[in-house]
Structures are given as structure tokens and as C-alpha cells.
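Q: Sequence and computational prediction follow.
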Amino acid sequence: MFERQHCFMMTKWGWTPWMILYFTVPGVLSLVTVHQPPVLTAALGGDTIMPCELQLSHDEKMVSTPVLYWHYLQQESNKRLWQPSEPYKGRVQLLDDNKKSWNKSIVLKEVQWADSGRYECKLTVTTQREGSFRKKGNLTSLAVHDSMLFNLTGHNASLLRCEVNVTQDAGFALTVLHGSCRLRSVNSASGGNVSPQPYVTLSETIAVQAGGKYECQLHLKEDLIIKSVFHNNLLEGAQTNATACSPDIPVVVGPEYPEPWLLYMALLLVPITVLLGLATAMLIRRGV
């Protein structure tokens, strides 16, 4: 009796809904992901956290401790951060040393220019359903910056200069503001691409317009990384030069990075899975 009704339901509703149910009902499709941020910035000489998090679907179970691998992938090299190889020995530690933790982030100490580049977090995972396999993150690009210098130039007290060293080709940009107005530079430099150093120097020189607060900002994409403030002792509003304010100049930002759409879709599958499971149960019960 049940087999005849089951065949009738297949004919009536078609194969498509059942294929969807097969891939979405809890226990049929498992989800194991390794999440890394696409971009990180770090101050030269400081410490930075390199995030890596293991994420499992609610119905998946781990049967052994994940084995962690962190690799530096720049310039065809494959140096290990974890377990640390040269030149990372003594500079890397786990953020959470609990072996059962799903947080596999590491702390990179005393950041150097040579640390700029792409990093990959990999985990060897063993689950009840799928056995042992390896999962990779989506890579993290680490960009390094030095301290910012923002002061009057030595030879001209009417010129204000902002300067900072940054990782080459990372997409950093400088902006100098006076109030809500972005100031046009009289002499800007990006450092070019001919420097033998692992960094370039960004600089902006602006004419001091009036008294008040001047602010230099270092951006990477839409994010404000660091800023420095200079207070001019002239009275607020006292003009010293012709206005060179350009509020309409677009801020130069770094390259676009893709949204983690697969992660978003995976999160949406949870309520869809519950609804489809209930719908399946109701259809089967009506057929009985």
C-alpha cells in the first residue's frame, strides 16, 4: 500500500522536489567550511591575529581533533606558519590552545615587511559522515603599514606633509581633511613600482588653508586604517592661501574582494531545510 502511494506521489509532484529534499533535509547534506577574512592589515613591528575558524553544520559531528596547517603562499614559496618554519619560529602562537576549539586563529608577532602576502589556513578534519578530508580557507592577504608622519615641512611653514610607508600594490590611499573638506595635494607621491624595498612611500603635501584641525587618513578599500591629527595655531577661519578644497574628489580605494556568497547560501539553507522537512512529513502523512 505504501509503495503504491509513494509512486503516486512521485508522479504527481515530479522528481524535482524530491531531489531538492535529498540535498537539503538534515542528515543528507553536511557543511564543513573554513572561514578566513579576505584582507588584514598590520602595523610594522606589532602583533596581529590571523583569523581562521572551522564551521560545521548542526548535524555534523567531529570524531577527532582537527589538524591545523597555516601556509605563506607568496612568490611561489610555501613556508609554514603552523607548525612554524623559518623565519616564523618564535613569532607564531595559537590564539586558543584548546585542541577541541574550532577557533584555529594564530597570532603573528613582530610583523615585518616580508610578512606581506597571501596566507592559507587548512584543516584535516574527520567527521562521522564523511570520514577524513582536508578543507581550505579562501586565503587572506596581509598588508603592512608603518607609522604615519604628519607635520609642517622643514623648509616651508605653510606646507603640511603626510607620509607613510606601506606594502606595495596593496591598494592603500592617503586623504588629508580640514573639517569636512578633502584638500587637494600640491605634491603627492605613491612611491612608484621601481623601489627595491618591499614597501612604497605614500605622501601628500597640502597648503595650510586656515587654523583648526587637519587630519591625515590612511585607507584600504573603505576601511580607515590609521590617522594622524595636526592642529594649526591660526585662528579658525583665518585664510592664509587660496582655497584648494576638493570635496568631490573620489577617495582611491583598494581592489574589490568577493563577498562570501557560499557562506550566506549555507546559512539560508538552515530555515529552508526545516520547512522542507516539515512539508515532507505532512505529504507522507497525508499519503498514509
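A: Looks like it arrived, so ask away.

Q: contacts, neighbours, all on C-alpha from now
A: Noted.

Q: Not counting the strand or helix carrying W70 itself, show me its contacts.
A: When elements are assigned from DSSP states H and E, W70 belongs to strand 67-72. Here strand 67-72 makes contact (Cα atoms under 8 Å, 6 or more residues apart in numbering) with 78-83, 104, 117-125.

Q: Return the alpha-carbon coordinates of it using CSV.
A: The C-alpha trace of strand 67-72 is given here as CSV (Å, rounded to 0.1, in the frame of the first residue of the first chain):
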residue,chain,number,x,y,z
VAL,A,67,44.9,19.1,12.3
LEU,A,68,45.9,22.7,11.5
TYR,A,69,48.1,23.9,8.7
TRP,A,70,48.9,27.6,8.1
HIS,A,71,51.0,28.4,4.9
TYR,A,72,52.5,31.5,3.4
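
Q: That strand - which strands sit beside it in the sheet, and in what orientation?
A: strand 79-82 (antiparallel), strand 117-127 (antiparallel) (DSSP bridges).

Q: To P66, which of those strands lies closest?
A: Minimum separation from P66 across those (Cα to Cα) falls at strand 117-127, 5.0 Å.

Q: Contacts for that closest one, please.
A: With Cα under 8 Å, 6+ apart as the contact definition, strand 117-127 has outside contacts at 34, 36, 52, 60-74, 131-143.

Q: List of residues touching the helix or strand following that strand?
A: With elements assigned by DSSP H and E, the helix or strand that comes after strand 117-127 is strand 131-136. Residues outside strand 131-136 that contact it (Cα under 8 Å, 6+ apart): V32, T33, V34, E120, C121, K122, L123, T124, V125, T126.

Q: ok, now with 10 Å
A: 32-36, 54, 62-64, 66-70, 120-127 (Cα atoms under 10 Å, 6 or more residues apart in numbering).

Q: Ok, stretch 96-109 next?
A: For stretch 96-109, contacts defined as Cα under 10 Å, 6+ apart pick out 34-36, 42, 44-56, 62, 64-70, 81-82, 88, 90-95, 115, 121-123.

Q: Just the buried subset of those, please.
A: Buried residues within those, counting neighbours by 16 or more other Cα atoms under 10 Å: 34-36, 42, 44, 47-54, 56, 62, 66, 68-70, 81-82, 88, 92-94, 115, 121-123.

Q: Low-confidence ranges, this structure, go.
A: 1-30, 75-78, 188-195, 234-271, 274, 287-288 (pLDDT under 70).

Q: run the last query once more with 80
A: 1-32, 59, 74-78, 84-87, 154-157, 187-196, 209, 233-288 (pLDDT under 80).

Q: Which parts of it are helices?
A: 2-13, 16-24, 261-287 (DSSP state H).

Q: Outline the domain layout of this protein.
A: Following automatic domain parsing, one finds the domains of the chain at 32-142, 146-232.

Q: Out of these, which is closest to I272?
A: domain 32-142 (13.7 Å).

Q: Test my guess that V32 contacts P66.
A: No. Here V32 lies out of contact with P66, judged by Cα atoms under 10 Å, at a distance of 11.8 Å.

Q: Now do the shared contacts for the two.
A: Common neighbours of V32 and P66 (criterion: Cα under 10 Å, 6+ apart): L54, V125, T127, R134.

Q: Just give the nearest non-adjacent residue to the last one, would you?
A: Here the nearest residue to R134 in space, its sequence neighbours aside, is T124; by Cα to Cα, 6 or more residues apart in numbering that works out to 4.3 Å.

Q: Could you tell me how many residues sit around the one you found?
A: 15 (other Cα atoms under 10 Å).

Q: that older thread, pipe the strands paired with strand 67-72 into TSV and attach distance to A170 per row.
A: Converted to TSV, the strands paired with strand 67-72 look like this (distance: least, Cα to Cα, whole Å):
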stretch	distance to A170
strand 79-82	21
strand 117-127	9
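
Q: what's the closest of these to A157?
A: Closest approach to A157 among the strands paired with strand 67-72 (Cα to Cα): strand 117-127, 38.8 Å.

Q: Specify the angle between that closest one and strand 131-136 in degrees.
A: Here strand 117-127 runs at an angle of 160 degrees relative to strand 131-136 (axes from the mean of the first three to the mean of the last three Cα atoms, to 10 degrees).

Q: Could you export strand 117-127 as PDB, CA atoms only?
A: What follows is strand 117-127, C-alpha atoms only, in PDB (Å, rounded to 0.1, in the frame of the first residue of the first chain):
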ATOM      1  CA  GLY A 117      51.400  38.500   1.100                       C
ATOM      2  CA  ARG A 118      48.800  35.700   0.900                       C
ATOM      3  CA  TYR A 119      48.100  33.100   3.600                       C
ATOM      4  CA  GLU A 120      46.100  30.000   3.600                       C
ATOM      5  CA  CYS A 121      44.500  28.100   6.500                       C
ATOM      6  CA  LYS A 122      44.000  24.400   6.000                       C
ATOM      7  CA  LEU A 123      42.500  21.800   8.300                       C
ATOM      8  CA  THR A 124      42.400  18.000   8.200                       C
ATOM      9  CA  VAL A 125      39.000  17.000   9.500                       C
ATOM     10  CA  THR A 126      37.500  13.700  10.400                       C
ATOM     11  CA  THR A 127      33.700  13.500  10.700                       C
END
